[in-house]
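# everything below, folded, please.
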Amino acid sequence: GLKVLVIDHSEKVAEKIRISGGGRANFTNKDVSPANFLSDNPHFCRSALSRFTPRDFIALMDKHGIAHHEKHKGQLFCDNSAQDLIDMLLKECEAGGVQRWQPCTVN
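Numbering: from 1, shown residues only. Just a heads-up that it's a prediction; the model follows:
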């Protein structure tokens, strides 16, 4: 029931995702934990990772039929293209009624 707005400065949707992992998107790491993050608020990543785990994201990829593989040290990449991940995220945003402002800057 929440309203969500995604603000992106780029002309292209999810440009950082598109170019990550050599175009195959390193979308998560199976072994990630709060110990992997540096933050002024260490409780933030603990809270975020407990609410949506790497396994949750992998399940979402599987739900959308996006093939993926592990390279090394738990790093997961799309088998085909980062565009598969971007399309999935856009579908999920549409299903959730998420608004997008793009390109947009915040001052």
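# which helix or strand contains the closest residue to residue 13 other than its chain neighbours?
In this structure, residue 13 finds its nearest non-sequential neighbour in residue 86, 6.2 Å apart by C-beta to C-beta, 6 or more residues apart in numbering. Where you see a C-beta, it was placed from the backbone N, CA and C, and this is true even at glycine. Residue 86 belongs to helix 82-95 when assigned by DSSP states H and E.
# per-residue confidence averaged over that helix?
Per-residue pLDDT over helix 82-95 has a mean of 96.
# packing partners of that helix?
Helices and strands touching helix 82-95, as assessed by 3 or more C-beta pairs under 8 Å, 6 or more residues apart in numbering; DSSP states H and E, comprise helix 15-19, helix 54-63.
# scan the helices and strands of the chain for the one with the lowest mean pLDDT.
Across the helices and strands of the chain, the lowest-confidence element by mean pLDDT, DSSP states H and E is helix 42-51, at a mean of 87.
# among the helices and strands packed on helix 82-95, which is nearest residue 39?
Smallest distance to residue 39 across the helices and strands packed on helix 82-95 (C-beta to C-beta): 17.9 Å, for helix 54-63.
# let me see the contact set for the nearest residue to residue 42 once chain neighbours are set aside.
The shortest distance from residue 42 to any non-neighbouring residue, by C-beta to C-beta, 6+ apart, is to residue 34 (6.6 Å). Listed by C-beta atoms under 8 Å, 6 or more residues apart in numbering, the contact partners of residue 34 are 42, 45-46, 49.
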